[in-house]
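Participant: From the sequence below, what's the structure:
(one chain, ligands or ions: 2)
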Amino acid sequence: MNIAVIGTGYVGLTTAISFAIRGHDVTCLDVDHAKIEQLKNGILPIYEPQMDDAFRQVQEQHPIRFTSSVQDVAQDHPLYFLCVGTPSDTNGKADLTYVIEAIDTLKERIPVSNDHKAVVLKSTVPIGTASRVAKLLSVREDLIVVSNPEFLREGSALVDSLHPSRIVIGTQSAEAKSLMDEVYANFQAPVLYTTWNNAEMIKYASNAFLATKISFMNELARLCERVGADITMVAQGMGLDSRIGGEFLRAGIGYGGSCFPKDTAALVTVAHDHQVELSIVERAMRVNQSQTEWFLQKLNVDDGDWHGKKIAILGLSFKPDTDDIREAPSLAILKQLTGVGAKLVTYDPVASYHVRRLYPAVTYVSTPYEALDQANVAILVTEWKELVELDWTRVHSIMKSPVLLDGRNVWPVEELRALGFEYTGVGR
Ligand code: NAD
Ligand code: UGA
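Facilitator: Ligands and ions are numbered 1, 2, ... in the order given. You can find the predicted model right below:
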């Protein structure tokens, strides 16, 4: 099938590559000319494991076309997948500016024809948006609106996109259903056909539930510390109950990323607009907002004398295997530690470039050992594999004082204590 993908960010690019792998002819449009030029030259603007190789292969065998001209996509395409950003506005509402701009453009530029074409909303949009978009497109009887939320995770985006846990499709139109059946014919996953509003709600509810699971564990971790329990063991014991499930029970320095913070906020504003209080989600947000501050109390930032001391900050991206720093806990940590007087030295395999623009005074080094050399304390912020599997004897020999703050509960606590480290995790 001929598919146009609008927006070539994490979701648009991943969608385009997986559709091409599954045999579709894909054209990508983005308003960011520099990004399109990069992509035309075979360079991915994001870091995602396996994506470079997959992109190279696709471009050799079944090339995706990239363009910044609407003209190139406004023809011959039965399907338009909208993957533009929906960031938070200042009140936490999802800002639909990019969605509406893209819809206006498609409305004006797609030539009218007798064939039905589907405009598929893959961006995460508040409940009621598909219906609003359908009104905007009501002058175009040939354009059908479909909701098809995306559930991929960064760091495993391509695998998630090629092997989705489920495909949720909101439409009541038989023509759209047959187009969507054809798009996903070569994907093995449960397909759930439903209404626009249900599809949109499923997306927000899924993210809010996962975020709540994490905050539940983070709050419980605070109690574990007081009563002398270990949250990692508690999580293990809880997770063995299949009704609870073992995933997303990892306590740490809080969730970040481009979606949990913004989607929980957007869901709460939708609820307020309808005079409903989502108190559990609101509480989950509040726990998360205070998590880095709670964690840094372990350093006694306010009481200690940090002048002339060095703090090694390990990991900057919001999770491993991505260079995305949107709402990353590392940014909250840098903000809180800037001004305490210590020298802040950070290491991240791929994300330093982005953080440097926000915190130019911080030192960025190219190995974890440079960061740890003569450090008074090391904080693990992102559990990159190479940061989990450090050479501990070497670390012990190069740190000025062997003090470790494990923000992800992944370092081998027994081994470290045996080696003489002073180890503090989260809720253990
Ligand atoms: P992104 O910011 O990385 O990319 C969005 C892209 O859209 C940008 O390249 C931008 O230039 C382009 N764009 C904006 N307006 C445009 C227009 N009118 N025409 C063409 N291109 C335009 O965003 P993302 O992380 O890919 O997220 C996109 C959407 O998918 C969001 O709604 C997000 O919530 C949702 N989502 C994201 C993820 C994720 O892991 N990042 C997962 C699931 C869902
Ligand atoms: C999340 C969802 O998992 C995806 O299903 C969804 O499509 C996506 O948001 C989205 O809508 O954008 P993502 O943000 O890429 O994906 O990454 P996650 O693996 O969910 O991690 C999010 C944050 O939670 C990270 O900061 C991670 O460190 C943290 N986390 C995760 C924990 O603190 N504890 C856990 O047990 C799990």
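
Participant: Stretch 407-416 spans what distance, first to last residue?
Facilitator: 15 Å (Cα to Cα, to the nearest Å).

Participant: which of the residues in that stretch are buried?
Facilitator: For stretch 407-416, burial by neighbour count (16 or more other Cβ atoms under 10 Å) applies to 407, 408, 409, 410, 411, 413, 416. Just so you know, the C-beta spots here come from the backbone N, C-alpha and C atoms, and that holds for glycine as well.

Participant: so, if you compare those residues, which one comes nearest to ligand 2?
Facilitator: Distance ranking of the buried residues of stretch 407-416 against ligand 2, using Cβ to the nearest ligand atom, places residue 408 first at 7.4 Å.

Participant: can you pull the contacts of the closest one?
Facilitator: Counting by Cβ atoms under 8 Å, 6 or more residues apart in numbering, residue 408 touches 250, 252, 253, 380, 381, 382, 383, 426.

Participant: Narrow these to those that are buried.
Facilitator: Applying 16+ other Cβ under 10 Å to these flags 250, 252, 253, 380, 381, 382, 383, 426 as buried.

Participant: Any residue of stretch 400-411 touching ligand 2?
Facilitator: No. Using Cβ under 6 Å from any ligand atom, stretch 400-411 stays clear of ligand 2, with a minimum separation of 7.4 Å.

Participant: wait, doesn't residue 184 sit right on residue 168?
Facilitator: No. Using Cβ atoms under 8 Å as the test, residue 184 is too far from residue 168 to be in contact (10.9 Å).

Participant: burial measure for the residue in the chain that ligand 1 sits nearest to, as a count.
Facilitator: When scored by Cβ to the nearest ligand atom, the chain has residue 9 as its residue closest to ligand 1, at 1.8 Å. Neighbour count of residue 9, defined by other Cβ atoms under 10 Å: 18.

Participant: Report the separation between it and residue 244.
Facilitator: 33 Å (Cβ to Cβ, to the nearest Å).

Participant: Please name the residues that touch the residue of the chain closest to ligand 1.
Facilitator: Going by Cβ under 8 Å, 6+ apart, residue 9 touches 46, 83, 84, 85.

Participant: Now the two most distant members of the residues you listed.
Facilitator: Farthest-apart pair in the contacts of residue 9 is 46 and 84; separation 15.2 Å (Cβ to Cβ).

Participant: Have a look at these two and say which one is more surrounded.
Facilitator: Between residue 46 and residue 84, residue 84 has the larger neighbour count (other Cβ under 10 Å), namely 24 against 17.

Participant: I'd like the distance from that one to residue 101, if you could.
Facilitator: Distance of residue 84 to residue 101, given as Cβ to Cβ: 8 Å.

Participant: residue ranges for the helices of the stretch 201-350 of the chain, please.
Facilitator: Here the stretch 201-350 of the chain has its helices, by DSSP state H, counting those that start in this stretch, at 231-239, 260-273, 279-296, 329-337.

Participant: which secondary structure elements does the last one contact?
Facilitator: Helix 329-337 makes packing contacts with helix 279-296, strand 310-314, strand 343-347, helix 352-358 when contacts are defined by 3 or more Cβ pairs under 8 Å, 6 or more residues apart in numbering; DSSP states H and E.

Participant: near ligand 1, which residues of the stretch 151-300 of the chain show up?
Facilitator: Residues of the stretch 151-300 of the chain lying near ligand 1 by Cβ under 6 Å from any ligand atom: 152, 154, 258, 259.

Participant: With respect to residue 368, which of the helices of the stretch 201-350 of the chain lies nearest?
Facilitator: Among the helices of the stretch 201-350 of the chain, if distance is taken as Cβ to Cβ, the winner is helix 329-337, at 14.2 Å.

Participant: Please work out which residues outside that closest one touch it.
Facilitator: By Cβ under 8 Å, 6+ apart, the list of residues contacting helix 329-337 reads 252-254, 256, 291-293, 296, 301, 311, 313, 315-318, 325, 344, 346, 348, 351, 355, 358-359, 362, 379, 381-382, 407.

Participant: again with stretch 168-186
Facilitator: For stretch 168-186, contacts defined as Cβ under 8 Å, 6+ apart pick out 1, 3, 19, 22-24, 78-79, 116, 118, 120, 130, 144-149, 151, 167, 191-200, 202-203.

Participant: Now, of those, which are buried?
Facilitator: For the contacts of stretch 168-186, buried by 16+ other Cβ under 10 Å: 3, 19, 22, 24, 78-79, 116, 118, 120, 130, 144-149, 151, 167, 193-194, 196, 198-200, 202-203.

Participant: In strands, which of the residues you listed appear?
Facilitator: Taking DSSP state E as the definition of strands, the buried ones among the contacts of stretch 168-186 contribute 3, 79, 118, 120, 144, 145, 146, 147, 167, 193, 194.

Participant: Check these and tell me the two furthest apart.
Facilitator: Greatest spatial distance among these (Cβ to Cβ): 3 and 194, at 21.9 Å.

Participant: tell me the contacts of residue 112?
Facilitator: By Cβ under 8 Å, 6+ apart, the residues touching residue 112 are 140, 142.

Participant: and the gap between it and residue 312?
Facilitator: For residue 112, the distance to residue 312 equals 61 Å [Cβ to Cβ].

Participant: Please render the contacts of residue 9 as JSON lines that adds pLDDT, distance to residue 224 and secondary structure to the earlier fields.
Facilitator: Shown next, in JSON lines, are these (pLDDT from 0 to 100; distance: Cβ to Cβ, whole Å; DSSP: H, G, I helix; E, B strand; the rest coil):
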{"residue": "46", "pLDDT": "94", "distance to residue 224": "36", "secondary structure": "coil"}
{"residue": "83", "pLDDT": "98", "distance to residue 224": "40", "secondary structure": "coil"}
{"residue": "84", "pLDDT": "98", "distance to residue 224": "42", "secondary structure": "coil"}
{"residue": "85", "pLDDT": "98", "distance to residue 224": "37", "secondary structure": "coil"}
